[in-house]
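# the following comprises the amino acid sequence and a computationally predicted model.
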Amino acid sequence: MDLAIIDQTETGVTPYHCDLVRCVLDYAGEYLKLPNNTEMSVTFMNNDEIHRYNKEYRGVDKPTDVISFAIEEDGDDLPVLPDELMDNELAKNIGDILVSVDIISSQAEYLGHSYERELGFLVVHGFLHLNGYDHMLGDAEEKEMFDLQREILDNYGLKR
């Protein structure tokens, strides 16, 4: 997976946590059988910044833990390419995930598990939203998404 990690935090995200995000999302991409050239980004920020996004794009006037912005692509808008380029598979950008590092810490403490487990949970949660899963559509969809999320995290080794 082609993953861009952007750190907009005040104190900086550790290289260890950036590597963890890369590994967890690579694992999740393999779990969903996504093409290797799938593209996406994860941006780390503090509460004040994610609060602005949450208010502007979701109409919710408070910080949140994770926001996903899926890129909707339909096959009708593909550019005309020379034959030699058509042989190469085009990369698909699935979108962007924004994560509040402040909320990772507070939720991990509240839930009694590690920062790493909460970080993994939030990026996988956002990743599943980018891939069409949505827990807000009803009980069956919520169960499907949360079961898959738990499977990915447990199999990766980030159990509660």
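That came through, no problem. Residues are numbered from 1 along each chain as shown.
# so which residues of the protein form helices?
15-31, 47-58, 83-86, 101-111, 115-130, 139-156 (DSSP state H).
# which other helices and strands contact the first one?
When contacts are defined as 3 or more CB pairs under 8 Å, 6 or more residues apart in numbering; DSSP states H and E, helix 15-31 packs onto strand 2-7, strand 39-45, helix 115-130, helix 139-156. From N, CA and C alone the C-beta is placed, and that goes for glycine too.
# re the thing from before, highest average neighbour count across the helices of the chain?
helix 115-130 (a mean of 22; mean count of other CB atoms under 10 Å).
# run through who's touching that one.
The set of residues external to helix 115-130 that reach it, using CB atoms under 8 Å, 6 or more residues apart in numbering, is 17, 20-21, 24-25, 28-29, 40, 42, 65-68, 70, 94-95, 97-99, 104-105, 107-108, 111, 145, 148-149, 152-153, 156, 158-160.
# tabulate the helices and strands packed on helix 15-31 (JSON lines), appending distance to D61 and mean pLDDT.
Output for these, formatted as JSON lines (distance: least, CB to CB, whole Å; pLDDT from 0 to 100):
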{"stretch": "strand 2-7", "distance to D61": "24", "mean pLDDT": "97"}
{"stretch": "strand 39-45", "distance to D61": "17", "mean pLDDT": "97"}
{"stretch": "helix 115-130", "distance to D61": "21", "mean pLDDT": "96"}
{"stretch": "helix 139-156", "distance to D61": "25", "mean pLDDT": "92"}
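# perfect, I'm done here.
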